[in-house]
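Trainee: Based on what follows, work out the 3D shape:
(one chain, ligands or ions: 2)
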Amino acid sequence: MKVLKFGGSSVANSENIKKVLAIVEKTSKTSKIAVVVSAFGKTTNALIEGAHLAATKNEAYKTVLEKLEAHHFNVIKDLISLENQPEILNHAKELFHQLATIYEGCYLLEELTPKTLATISSFGELLSSYIIAKAANISFETGYKDSREIIIASNNYLNATVNFAETNKNITAYFSGNQKKVTLLPGFVAKTSEGKTTTLGRGGSDYTAAIIAAAVNADELQIWTDVSGMFTANPSVVKQAFPIPHISYHEAMELSHFGAKVIYPPTIQPVLKKEISIRIKNTFKPEEEGTLIAKETSNKKPVKGISHIENITLITLEGSGMVGIPGFSKRLFEAISFHNINIILITQASSELSICIGIADEDAQKAKAVIDETFEFEIEKQKVNPVKLEQDLCIIALVGDNMKNHQGLSGQMFSSLGKNNVNIRAIAQGSTEKNISAVINKNDAKKALNTLHEQFFEEKIKQINLFVTGVGNVGERFLAQLEQQKKHLKKHLKLNVRVIGLSNSRKMIFNEKGIDLKNWKALLENGESTSLERFFNKTKQCNLRNSVFVDNTANQAVSEVYENYLRQSIGVVTCNKIACASLLENYKTLKAISRKYNAPFLFETNVGAGLPIIDTLKNLINSGDRVHKIQAVLSGSLNFVFNNFNKNTTFHDVVAQAQKEGYTEPDPKIDLSGVDVARKILILARESGYDLELSDISKNAFLPEESLKTKNNDDFYASLTKNEAHFQQIFKEANDKNCRLKYVAEFIDGKANVGLQHIPAEHPFYNLEGSDNIVLFFTDRYPENPLIIKGAGAGADVTASGIFADIIRTTK
Ligand SMILES: Nc1ncnc2c1ncn2[C@@H]1O[C@H](COP(=O)(O)OP(=O)(O)O)[C@@H](O)[C@H]1O
Ligand SMILES: N[C@@H](CC(=O)OP(=O)(O)O)C(=O)O
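Mentor: Ligands and ions are numbered 1, 2, ... in the order given. Sure thing, here's the model as predicted:
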């Protein structure tokens with residue numbers, strides 16, 4: 001014999017019930033079966049809500065009742081042919097009439113006892129089982145048995161304890177005398193020995209099915225629900241979660257205790273003793289295998305699943321008077337259990353200075369009152385502090401029988417949470433090591449579950465969540481490259497890089513599933529208005545793991561918000577040089593915060609666009625080398641300008657061309673004044689370990705004073721035209737000596753300067769083409785022949801590729 005249980009979601013409406021009937025009919029062809037059904041989805045909640053409304057003198061209970069009645073009548077009309085409807089509708093009407101009378105009693109008396117609430121809740125299953133049994137009978141012979149006649153339980157009405165001796169006798173007697181292939185029974189409900197209706201606790205239909213399965217020694221217990229098995233994590237929170245094919249009783253119990261709702265924890269007890277296997281199946285995808293729960297599993301993976309319980313309060317009892325005095329914990333636990341408060345987690349510091357327990361939020365105030373009363377004397381004598389409550393928490397737990405045989409799992413768990421700025425308030429690990437639990441803030445639950453899932457189940461694909469600001473030349477190219485490389489990154493680097501937030505100076509858009517990069521322009525145009533603060537707040541709210549803020553602007557204000565991101569453990573990748581070239585103190589603070597919060601701060605594109613200059617320098621320094629001298633041509637735009645400027649061109653036109661090709665900063669004066677090059681050599685000096693300010697760098701300006709003083713691009717260009725003779729003179733002086741003009745940056749033994757130089761033909765800078773950059777590092781290991789890096793040092797495409805490389809570096 002097999003026992004099949006269909007949950008509320010499986011019988012939520014007539015369409016679903018038809019699917020259930022098909023499964024029942026098919027299974028009954030090969031085995032005798034008992035079918036346990038829950039109330040139609042959400043009915044129990046509605047019944048309870050109606051009861052509370054009635055007892056608080058709120059007439060809205062009538063609306064709840066009307067809606068329930070209408071839904072049940074509609075299901076009957078959908079499933080049963082017209083001529084058979086009257087009998088069934090009449091019986092349902094009779095049940096609703098009884099329910100209305102009980103509600104009215106609560107309304108008049110303004111009272112709701114657990115006994116009355118249990119009776120009210122039982123109507124969901126009584127109605128559903130009756131209707132489904134009648135519908136089934138149309139196609140195949142189906143018996144019906146009211147579970148209250150066979151399951152006997154205590155008068156703890158909302159969470160009754162089963163009398164197994166009586167119950168098992170009743171069940172075996174009933175089924176041995178019943179030859180029907182299919183018998184339908186309501187879940188959740190039972191009767192006390194005095195004959196009163198009682199219930200087995202929320203989710204108790206699973207328990208009904210398990211009790212029957214154990215009593216009849218069933219071949220299998222099948223739990224049919226709306227997901228294809230027990231998942232590695234709650235699939236509605238962790239999209240990447242997948243069904244666990246095979247899991248042990250203990251693992252399933254731990255997971256369900258810690259919130260994996262697919263089965264109700266006590267379910268396992270009766271079937272475990274008899275070693276009856278449980279199969280979790282999906283009513284809507286019956287062809288999928290689901291999860292098999294049995295005594296042993298062949299799957300030796302240490303972590304089988306991750307689950308969480310929401311709405312937890314931590315209660316801490318602490319005080320110096322507790323040290324070395326036996327009996328404190330005993331008194332605490334006795335007081336708590338006497339008041340029927342369930343303890344979910346316990347931790348005690350080995351110093352014995354504090355005991356900390358985790359309980360459901362709804363019990364918090366009661367628990368505080370009980371504990372304060374129990375320790376009234378000690379609190380008055382200041383041996384123990386008044387109880388401390390911390391709310392809005394949740395528990396996350398790693399579960400697996402085999403965790404005990406693997407070292408370092410808790411280390412991995414806590415370090416990956418720490419890296420993603422998830423603050424851990426308490427931890428507990430059972431001595432059986434089947435479960436490692438952590439108490440964290442409720443708002444971090446989604447991030448924590450996804451982080452742990454990635455760590456323990458998705459070694460292969462890592463998700464990177466980008467928040468990108470700036471969609472100018474560089475930003476646009478970056479988004480295009482990302483779209484183009486998406487598949488490659490997934491396949492070869494196992495990275496799933498998604499843009500979650502995107503903004504320009506006016507608008508922003510967010511999509512937690514990832515913005516469609518084929519269509520970002522139109523989406524952004526229709527986005528909401530933005531500010532740096534709003535973009536940051538929204539990013540913070542998303543609270544996603546592996547988050548990176550990408551600055552593709554050259555904007556001062558944007559460079560001033562990096563610290564906010566880093567403090568949230570959100571990495572920063574930027575091509576904007578302003579932050580790293582700002583005051584030394586600020587640069588050092590950003591670096592320190594990046595280290596403290598474990599958030600990468602990467603700016604490879606600050607020098608030489610996509611060329612690996614800063615990364616190479618870091619590798620030299622980290623491996624113990626020392627930089628003595630740097631000589632470099634670091635301005636792609638100035639190089640382009642002086643490579644193309646001669647007596648046949650005008651300085652104005654060449655600069656305009658450089659800007660058009662995307663080599664200059666948005667304000668070309670930043671390049672031509674030498675400020676941009678000064679910033680770059682400053683960053684290289686700082687990365688080499690020298691404490692320099694921008695003001696320490698001497699600049700040999702070649703622009704006339706008048707051009708330097710202009711306030712906008714138009715005036716700047718006009719001044720270039722006006723001073724054409726000055727620029728031609730500069731060219732002529734170099735040309736007359738057979739030299740080329742290069743804007744050179746130098747750093748020698750702690751001092752830096754930038755300026756235009758005459759470069760002779762034999763010098764390595766002489767043949768530097770187009771917008772190329774070159775850097776010569778003279779170090780302990782490269783004293784005579786420098787380490788040279790050379791290549792295109794400006795342009796949107798190469799800069800975007802440098803940003804790209806930094807984003808990949810954040811994952812290392
Ligand atoms: N680890 C998990 N695996 C599968 N489902 C889970 C898990 N954790 C939580 N759930 C949730 O449990 C739901 C099924 O439980 P429930 O709503 O009680 O079903 P039913 O209506 O069949 O009784 C799923 O839809 C899913 O959202
Ligand atoms: N209907 C009851 C019992 C039950 O087990 O329901 P479900 O199978 O839908 O979780 C409840 O909601 O608690």
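
Trainee: now stretch 228-242, how far from the chain's geometric center?
Mentor: 13 Å (Cα atoms, centre = their mean, to the nearest Å).

Trainee: With stretch 284-300 instead?
Mentor: For stretch 284-300, the distance to the chain centre is 26 Å (Cα atoms, centre = their mean).

Trainee: Which positions within that stretch qualify as buried?
Mentor: By neighbour count on 16 or more other Cβ atoms under 10 Å, the buried set for stretch 284-300 is 286, 290-294, 297. For glycine as for every other residue, the C-beta is placed from the backbone atoms N, C-alpha and C.

Trainee: ok, and what's touching that stretch?
Mentor: Residues outside stretch 284-300 that contact it (Cβ atoms under 8 Å, 6 or more residues apart in numbering): 16, 19, 23, 226, 228-230, 243-249, 251-252, 263, 268, 272, 275, 277-282, 401-402.

Trainee: ok, now stretch 53-60?
Mentor: Contacts for stretch 53-60 (Cβ under 8 Å, 6+ apart): 61, 64, 103-104, 106-107, 109-112.

Trainee: tell me which residues in it are buried?
Mentor: For stretch 53-60, by 16+ other Cβ under 10 Å, it's 53-55.

Trainee: With stretch 684-696 instead?
Mentor: For stretch 684-696, by 16+ other Cβ under 10 Å, it's 684-688, 690, 692, 694, 696.

Trainee: wait, which of those residues is closest to Lys722?
Mentor: For these, the residue nearest Lys722 by Cβ to Cβ is Leu694; the value is 28.9 Å.

Trainee: Give me every residue in this protein lying close to ligand 1.
Mentor: 7-10, 38, 203, 225-227, 230-231, 233-236, 255, 260-262, 305, 307 (Cβ under 6 Å from any ligand atom).

Trainee: change it to 5 Å
Mentor: 7-9, 225-227, 230-231, 234, 236, 260-262 (Cβ under 5 Å from any ligand atom).

Trainee: Inside helices: which ones of those residues?
Mentor: Applying DSSP state H to the residues of the chain next to ligand 1, no entry is found in helices.

Trainee: which of those sit farthest apart?
Mentor: Maximum distance among the residues of the chain next to ligand 1 (Cβ to Cβ): 18.4 Å, for Gly8 and Phe231.

Trainee: helices and strands around the longest strand belonging to the chain, which ones?
Mentor: Scanning the chain for the strand with the most residues, using DSSP state E, yields strand 305-318. If contacts are counted by 3 or more Cβ pairs under 8 Å, 6 or more residues apart in numbering; DSSP states H and E, strand 305-318 sits against helix 249-257, strand 343-348, strand 354-360, helix 364-374, strand 388-399, helix 445-457.

Trainee: Next, the angle from that strand to helix 445-457.
Mentor: Strand 305-318 runs at 120 degrees relative to helix 445-457, counting by axes from the mean of the first three to the mean of the last three Cα atoms, to 10 degrees.

Trainee: what about the residue of the stretch 401-550 of the chain found nearest ligand 1, neighbour count?
Mentor: Taking Cβ to the nearest ligand atom as the measure, the stretch 401-550 of the chain has Leu449 as its residue closest to ligand 1, at 9.9 Å. Using other Cβ atoms under 10 Å, Leu449 is surrounded by 21 other residues.

Trainee: so who does it touch?
Mentor: Here Leu449 is in contact with 233-234, 237-238, 306, 308, 396 (Cβ under 8 Å, 6+ apart).

Trainee: swap the cut-off to 10 Å and go again
Mentor: Residues near Leu449 by Cβ atoms under 10 Å, 6 or more residues apart in numbering: 233-234, 237-238, 241, 306-308, 394, 396, 545.

Trainee: So the nearest residue to Phe651 once chain neighbours are set aside, which state does it fall into?
Mentor: Spatial nearest neighbour of Phe651, excluding adjacent residues (Cβ to Cβ, 6 or more residues apart in numbering): Phe727 at 3.9 Å. Using DSSP: H, G, I helix; E, B strand; the rest coil, the secondary structure recorded for Phe727 is helix.

Trainee: what do you get for Lys699?
Mentor: Lys699 ends up strand, using three-state DSSP.

Trainee: Return the distance of it relative to ligand 1.
Mentor: 63 Å (Cβ to the nearest ligand atom, to the nearest Å).

Trainee: Do I have it right that Arg498 meets Glu483?
Mentor: No - Arg498 is not in contact with Glu483 according to Cβ atoms under 10 Å; the separation is 11.1 Å.

Trainee: Of the two, which one has the most company?
Mentor: Arg498 (18 against 14).

Trainee: Just want the residue of this protein that's nearest ligand 1.
Mentor: For the chain, Cβ to the nearest ligand atom, closest residue to ligand 1: Gly7, 2.0 Å.

Trainee: give me every residue that touches that residue.
Mentor: Counting by Cβ under 10 Å, 6+ apart, Gly7 has contacts 36-39, 41, 187, 203, 205-206, 223-226, 261-264, 283.

Trainee: what does the model give Gly430 for pLDDT?
Mentor: The model reports Gly430 with a pLDDT of 69.

Trainee: same question, the one 5 residues further on
Mentor: Residue-level confidence at Asn435 comes out at 88, pLDDT.
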